[in-house]
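Undergrad: sequence and predicted structure are below.
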Amino acid sequence: MKKILLVDDEILVRESIRENVDWEGEGFLFCGDAPDGELALPLIEAHQPDILITDIKMPFMDGLELSRIVRQKYPHIKIVILSGHDEFEYARSALRLGITEYCLKPVGAAELVGILKSIAVQIDEERRQMDRLAEMESLLAANRDLRCQKLLSDLCTGLISTPEALHLAATLGIDLAAGHYVVAITEVLPPDDDRAGATDEQIREAVRRIEAGLSSAASVLSYPRSRTETVWVLKGESEEALREGLRLLHEKLLPRTESALGCGIIAGTGSLQRRLHGIHASYLAAEEEKTYRKLLRANFRQMERSVRNGESAVWLDRNRFVEFLKIGRREELDAFVSSFAAELKRIDWHTNMYGYFLLNDLTLMALHASRDLIQDAETMERRYREWQQSIQLVRSHEDARDYLKRLAAQILDWREEGADRYVPILEKVKNFIQKNYERYDLSLQLAAEHAGVSPSHLSKIFSQGTGITFIEYLTRTRIRKAMELLLTTRLKSYEVGYRVGYNDAHYFSSLFKKMTGMTTKEFRKRGTLGASAFMDGGREISGHVPASKG
């Protein structure tokens, strides 16, 4: 029902209108009347009528002034003026105010009901339009949110080049520019006991708390990677601001959120980066750190249970073990491990589980210290599970000592092999790109299959070995080839784009200008690659390509 409020200084008029209309029967709710505009305002505030019927000539505040106030404060209210003055100036003033109807007195009940029903139809149609508009805006907002999330996901996973990311961010109204970047990944964990896991609302509340805290130190972008995981991209103009954000995350936000929600939360943080494409490297490091912390937390919980059950704890200087793995020499291995493992003699390996958890702990720390030599977080977890199987075979101090020797020897082997072992893989992938850059479907997945490694591993070692992401390298290779074709052939711009792997001519032209600072036409006139500050594989393109003589 539409609500009606009446304002008229003549009591007989008010009574006549109020009593002579079957309001409920006609589909309306009469919510009150007032003798002037001043007394009507609090009623309007209280009842929020859909339609206001008002006289013009009234004491204290006339109908035109009342209408002016209502139009400003409550623009959705429709106004019907009933006036005994058939004067042009009154009608014109009413029209200027946006009055819905201007009627001359006297007006009969049937005529008034007809006017009100016509206005009610208008109100219903406007509300339907507003609902449709709100629904459309909601869909657009949801679509924008999804596009924003995909942009951040592609940035983190190395599936988009810097020019592409900046272009898409501009269309979405996202400011990606900053002096420094760092990625963090948080995960809400299931409880350690038999309690139910965190609800969706608890997870949303955790994300809200963390976002509010991080925003006080840096600019924050985020997206959900899964139901329980959130990826955070912090950006700012100084390293200090980002370091403060990370310190805040680990020292205050996580403990407080865990306490408030009653569920565990872990976070892995990546390396600080100065370039947008460095977000990918920071993301990979954050993923490895999160995996390590998750495994370490689970093992620590097991060690706590063992101690609570009365098993004796053994203290070992874990940092000493990790330090040896980083700088120790192979000829010192036997002596070091024998000395380091001496305390393990105190453990009864037949009845005491604490020793097994202690070896798990040392294994995790060793793998984490060697994370630059391990393919990716998935590989780290797989290797940890493999070492766990060996730990289960330990039955004595001697077995434990021999296990630590094998573990340390493996880490030293990886260290001695060093980063050079990835050079052949990188060369193989670069050659694959050179031979297949014209394929529109060329991807990290295809290159990884060709090199015989996982996509995540290739992504990591490619960034470490070249200083840029796989997609960045592919994009630069394609644009360089496009430069050569522009200078040595008469192919049209869209044909050049197609030859280097871009089916969308408009996108190719836009990307080319972003990468070179020139349109394809401008570049063709200049006749030199050296005219562009475009970078290839981390090195500025130098040398000249002769223009076509044809």
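TA: In hand now; what should we look at?
Undergrad: tell me which residues of stretch 67-81 are tucked away?
TA: 67-68, 70, 77-81 (16 or more other C-beta atoms under 10 Å). C-betas here are computed from N, CA, C, even on glycine.
Undergrad: start to end distance for it?
TA: 9 Å (C-alpha to C-alpha, to the nearest Å).
Undergrad: contacts for that stretch?
TA: For stretch 67-81, the external contacting residues (C-beta atoms under 8 Å, 6 or more residues apart in numbering) are 37, 41, 44, 48-56, 63, 94, 97-103, 115-116, 119, 122-123.
Undergrad: check stretch 432-445 too.
TA: Contacts of stretch 432-445 (C-beta under 8 Å, 6+ apart): 158-159, 446-447, 450-451, 455, 458-459, 470-471, 473-474, 477-478, 481, 499-503.
Undergrad: give the PyMOL command for selecting the buried subset of those.
TA: This is the PyMOL syntax for the buried subset of the contacts of stretch 432-445, where burial follows 16+ other C-beta under 10 Å:
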select buried, resi 158+159+447+450+451+455+458+459+470+471+473+474+477+478+481+499+500+501+502
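Undergrad: what about the strands in the stretch 401-550 of the chain?
TA: 535-536, 539-540 (DSSP state E, counting those that start in this stretch).
Undergrad: could you tell me the least trusted of those?
TA: With a mean of 36, strand 539-540 has the lowest mean pLDDT of these.
Undergrad: what about residue 209, distance to residue 173?
TA: 25 Å (C-beta to C-beta, to the nearest Å).
Undergrad: more crowded one of the two?
TA: residue 209 (17 against 8; other C-beta atoms under 10 Å).
Undergrad: shouldn't the more buried one be within a helix?
TA: Yes. Counting by DSSP: H, G, I helix; E, B strand; the rest coil, one finds residue 209 located in a helix.
Undergrad: any idea how far it lies from residue 369?
TA: 32 Å.
Undergrad: same thing with residue 152?
TA: 30 Å.
Undergrad: which of those two has more neighbours?
TA: residue 152 (25 against 18).
Undergrad: now do that one, the pLDDT please.
TA: Value for residue 152, per-residue pLDDT: 94.
Undergrad: assumed it was part of a helix.
TA: Yes. Assessed by three-state DSSP, residue 152 belongs to a helix.
Undergrad: which residue sits closest to it, ignoring its sequence neighbours?
TA: Closest residue to residue 152 apart from its sequence neighbours, by C-beta to C-beta, 6 or more residues apart in numbering: residue 223 at 4.6 Å.
Undergrad: and what of residue 338?
TA: Using C-beta to C-beta, 6+ apart, the closest residue to residue 338 is residue 401 (6.4 Å).
Undergrad: that neighbour: what's it in contact with?
TA: Residue 401 neighbours (C-beta under 8 Å, 6+ apart): 337-338, 341, 344.
Undergrad: how is the protein divided into domains?
TA: 2-127, 160-287, 311-417, 422-540 (automatic domain parsing).
Undergrad: all helices of the stretch 301-450 of the chain, in order?
TA: 318-327, 333-340, 354-369, 377-391, 397-417, 423-436, 444-451 (DSSP state H, counting those that start in this stretch).
Undergrad: so for the longest one, what gets flagged as buried?
TA: Along helix 397-417, these residues count as buried under the neighbour rule (16+ other C-beta under 10 Å): 397, 399-401, 403-405, 407-408, 410-412, 415.
Undergrad: what's the burial count for residue 250?
TA: Residue 250, neighbours per other C-beta under 10 Å, totals 14.
Undergrad: now the helices of the stretch 301-450 of the chain as JSON lines including mean pLDDT?
TA: Output for those, formatted as JSON lines (pLDDT from 0 to 100):
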{"stretch": "helix 318-327", "mean pLDDT": "82"}
{"stretch": "helix 333-340", "mean pLDDT": "91"}
{"stretch": "helix 354-369", "mean pLDDT": "83"}
{"stretch": "helix 377-391", "mean pLDDT": "76"}
{"stretch": "helix 397-417", "mean pLDDT": "86"}
{"stretch": "helix 423-436", "mean pLDDT": "92"}
{"stretch": "helix 444-451", "mean pLDDT": "90"}
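Undergrad: please, which helix or strand holds residue 177?
TA: Using DSSP states H and E, residue 177 sits in no helix or strand.
Undergrad: what's the first-to-last distance across stretch 342-354?
TA: End to end - C-alpha to C-alpha - stretch 342-354 spans 16 Å.
Undergrad: likewise stretch 182-201?
TA: 27 Å.
Undergrad: off-centre distance for that stretch?
TA: Relative to its chain's centre, stretch 182-201 lies at 18 Å (C-alpha atoms, centre = their mean, to the nearest Å).
Undergrad: change the start of the numbering to 595 and stick with it
TA: In the new numbering, first residue 595, that becomes stretch 776-795.
Undergrad: buried residues in that stretch, which are they?
TA: In stretch 776-795, counting by 16+ other C-beta under 10 Å, buried: 776-783, 792.
Undergrad: low pLDDT regions in the stretch 1045-1144 of the chain?
TA: Residue ranges of the stretch 1045-1144 of the chain with pLDDT under 70: 1121-1144.
Undergrad: how about the helices of it, start to end?
TA: Under DSSP H, counting those that start in this stretch, the stretch 1045-1144 of the chain gives helices at 1049-1060, 1064-1082, 1087-1093, 1099-1110, 1114-1120.
Undergrad: so which bits of the third one are buried?
TA: Right, helix 1087-1093. 1087-1088, 1090-1093.
Undergrad: so how far is residue 1101 from residue 994?
TA: Counting by C-beta to C-beta, the gap from residue 994 to residue 1101 is 60 Å.
Undergrad: typo on my end, residue 1062
TA: Residue 1062 is 20 Å from residue 1101, by C-beta to C-beta.
Undergrad: neighbour-wise, which of those two wins?
TA: Under the criterion of other C-beta under 10 Å, the comparison of residue 1062 against residue 1101 puts residue 1062 first, with 25 against 13.
Undergrad: for the buried residues of stretch 661-675, which one is nearest residue 616?
TA: residue 674 (18.3 Å; C-beta to C-beta).
Undergrad: let me know the secondary structure of the closest one.
TA: Applying three-state DSSP: residue 674 is strand.
Undergrad: show me the beta-bridge partners of it.
TA: residue 647, residue 695 (DSSP bridges).
Undergrad: separation between it and residue 871?
TA: Applying C-beta to C-beta to residue 674 and residue 871 gives a distance of 64 Å.
Undergrad: in TSV, list the helices of the stretch 895-1044 of the chain along with distance to residue 738.
TA: Putting the helices of the stretch 895-1044 of the chain into TSV (distance: least, C-beta to C-beta, whole Å) gives the following:
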stretch	distance to residue 738
helix 912-921	46
helix 927-934	56
helix 948-963	38
helix 971-985	30
helix 991-1011	45
helix 1017-1030	33
helix 1038-1045	26
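Undergrad: and the ones you listed, which is most packed in?
TA: helix 948-963 (a mean of 21; mean count of other C-beta atoms under 10 Å).
Undergrad: from the contact counts, what lies against that helix?
TA: Contacts defined by 3 or more C-beta pairs under 8 Å, 6 or more residues apart in numbering; DSSP states H and E place helix 948-963 against helix 872-902, helix 912-921, helix 971-985, helix 991-1011.
Undergrad: all the strands of the stretch 595-744 of the chain, residue numbers only.
TA: Under DSSP E, counting those that start in this stretch, the stretch 595-744 of the chain gives strands at 596-601, 622-628, 645-648, 672-677, 695-698.
Undergrad: now mean pLDDT and distance to residue 1021 too, for those, in a markdown table please.
TA: Output for the strands of the stretch 595-744 of the chain, formatted as a markdown table (pLDDT from 0 to 100; distance: least, C-beta to C-beta, whole Å):
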| stretch | mean pLDDT | distance to residue 1021 |
| --- | --- | --- |
| strand 596-601 | 95 | 77 |
| strand 622-628 | 94 | 80 |
| strand 645-648 | 94 | 79 |
| strand 672-677 | 89 | 75 |
| strand 695-698 | 84 | 82 |
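Undergrad: quick one: closest of the ones you listed to residue 976.
TA: strand 596-601 (67.6 Å).
Undergrad: if we can go back for a sec, OK, contacts around the residue nearest to residue 746?
TA: So residue 817 contacts 742-743, 746-747, 824-825 (C-beta under 8 Å, 6+ apart).
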